[in-house]
Structures are given as C-alpha cells and as structure tokens.
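K.L.:
output the structure for:
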Amino acid sequence: MSSKVKRILVSQPKPSNDKSPYFEIAKKHQVEIDFRPFIKVERLHLSEFKEQRIDILDFTAIIFTSRTAADMFFSICEELRIVIPDTMKYFCNSEATALYLQKYIVYRKRRIFFSKTGNIEGLAANFKKHNKEKFLFPVSEQHKSNLTEVLDKQKLTYTKSTMYRTVSNDFKEGENLNYDLVLLFSPLGVDALVKNFPNFVEHPIAVGAFGKATAKSLEEIGVKLDIEAPSPGITSMTGALEQYLKEVNK
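P.N.:
Just a heads-up that it's a prediction; the model follows:
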C-alpha cells in the first residue's frame, strides 16, 4: 500500500490526554484519526460465577494481574454483598495495579504486595514468604496459561476463577470500513475485525500491527502488513505510524 493516507482507524479507546502523540500526528500530517475499540471486557453474569462453586471468603489472598481483574472481582463481591475482611492480602503484577486498589480498599503496605518488574514473575519472593496463604486468582476466559505455571512453580495453594471475558465490540450492520489505514493491537482485535468484516482481506486498506502475536494473526489470514511495531529503533505504534506517514504522504 503506497497511496496517500487521509483517514486512520485506531482500534483503541480515544486517549484522555490531549497531548497524545496521535493528536500531534493528525495535526502534523493533516490526517483524520478515529478511535474505536474492537474489543471490550464483559464481567461474567453472577449465575456463571456461581457455577464455579467458589466462596470468596474461603481465601486469604487475591492475585491481580490487571486493574480490569480488580474491577471485576470487586463488582462480583458487591453484587454478592460480600464484605472483604481487612486481613485479606493482595498480590499485584505492578505498582500501578496495587495503587489502583485504593478505589476499593484502604491501602496498607503490610497487606498489599506488588511486582517491581511489571509481571507476575516479579512476585516470586513475596509468594515464597507467604506460601501458606490460600490464593484466589481472578482471570479472564482468555488468560495465559504461563501465569498459572508461575504459581505452580511456587507450590502455592490457589484457585483460578474466571470472572470476565473479552468479546468483539460489534459494528452496526451494514457499517463500512471507510479508512485508508487500520491499526491493530492484539489477536483478539484481529478476530473482532474479521468477525465484523469477513471480506476484510479483499479491502484495499493498509494495516498496522503492534506486537508479534498481532502480526502473526494478521499474516495467518493473508493480510500483508504495512506497519509493524515495535521495530528496530521504534518502540511505539505512534513512532511507527509517524515514519509510515512520512513515506507515503510526502
């Protein structure tokens, strides 16, 4: 795809910060950028959660790998009218997730632990110190199995509970994809695109992918990539987009 780009669709929510690089790119290159998430998160219905026969108050610790997991967990607790005891311990994959818990509980260092590496592997020392706890691990239907491998390696007593799922954010029937370039950020986003536009492969639209898994998903359905990030010297999608526009819109 070498024709000029005028309209771009970014398959993510619109940035809340007006200083987002996307807005700067739109102004600099005189292109129109729309934001529309291709996927959304849905909490399981209470009846679905109850089918798992899990009593939250049987556990002494919770593992959170995202703010979304925390939102879904506390939402279920609220609907079940469960009051979480002050003795509950929380193990988070990052400091950002740990601080987010202030939305629901009083933050206390003695019972909130977080990984300094941004992933669950960074909690190894904390897990070792608190290996007698009974852990509840809220996950999505599409969770990665390697997360539980970390817990197994630590020989923890834990129960995995599905509390939410990621689904396609459907377009309206008959809606067209009137863009020159579409940017995708996950395999689930690719699945949603194909679901909404089954003939997408035949469209003369440039495509950008963030991450190897996203790129692989597009390649598997026969889509040629025009933008791939990260790439040597470019770590962000906005950086890759900037470079691409310089080439095709010159």
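
K.L.:
ok, residue 128 touching residue 156?
P.N.:
No: between residue 128 and residue 156 there is no contact under CB atoms under 8 Å: 9.4 Å. Just so you know, the C-beta spots here come from the backbone N, C-alpha and C atoms, and that holds for glycine as well.

K.L.:
the two: who's more crowded?
P.N.:
residue 156 (21 against 11; other CB atoms under 10 Å).

K.L.:
next up, phi/psi of the more buried one, please.
P.N.:
Backbone geometry at residue 156, expressed as degrees, to the nearest 10, gives phi -90, psi 150.

K.L.:
all helices for the protein, in order.
P.N.:
Along the chain, counting by DSSP state H, helices occupy 21-29, 46-50, 67-80, 95-100, 124-129, 145-153, 187-196, 212-220, 237-248.

K.L.:
quick check: mean pLDDT of the fourth one?
P.N.:
I take that to be helix 95-100. Averaged across helix 95-100, the pLDDT comes to 92.

K.L.:
residue contacts, residue 184?
P.N.:
Residues counted as contacts of residue 184 (CB atoms under 8 Å, 6 or more residues apart in numbering) are 11, 38, 190, 193, 207, 208, 209, 210, 214, 218.

K.L.:
and if we set it to 6 Å?
P.N.:
Residue 184 sits next to 11, 190, 209, 214 when contact means CB atoms under 6 Å, 6 or more residues apart in numbering.

K.L.:
residues in contact with stretch 109-124?
P.N.:
By CB under 6 Å, 6+ apart, the list of residues contacting stretch 109-124 from outside reads 89, 90, 91, 92, 93, 94, 95, 98, 126, 147, 150.

K.L.:
now with 8 Å?
P.N.:
63, 65, 86-95, 97-98, 101, 126, 130, 147, 150-151, 154.

K.L.:
ok, back up a step: so which of the helices of the chain is the most surrounded?
P.N.:
helix 187-196 (a mean of 20; mean count of other CB atoms under 10 Å).

K.L.:
just want the angle from it to helix 212-220.
P.N.:
30 degrees (axes from the mean of the first three to the mean of the last three CA atoms, to 10 degrees).

K.L.:
need the contact partners of helix 187-196.
P.N.:
11, 38-39, 142, 166, 168-171, 175, 182, 184, 200, 213-214, 216-218, 221.

K.L.:
roughly how far is that helix from the heart of the chain?
P.N.:
Averaging C-alpha coordinates over helix 187-196 and over its chain gives two centres that are 14 Å apart (CA atoms, centre = their mean, to the nearest Å).

K.L.:
count the neighbours of the closest residue to residue 128 other than its chain neighbours for me.
P.N.:
Nearest residue to residue 128, sequence neighbours excluded (CB to CB, 6 or more residues apart in numbering): residue 154, at 6.5 Å. Neighbour count of residue 154, defined by other CB under 10 Å: 16.

K.L.:
in the protein, which ranges drop under the pLDDT threshold?
P.N.:
In the predicted model, the chain carries pLDDT under 70 at residues 1-2, 144-145.

K.L.:
now residue 131: how far from residue 63?
P.N.:
In this view, residue 131 and residue 63 are 13 Å apart by CB to CB, to the nearest Å.

K.L.:
so for these two, which residue has more residues nearby?
P.N.:
residue 63 (27 against 12).
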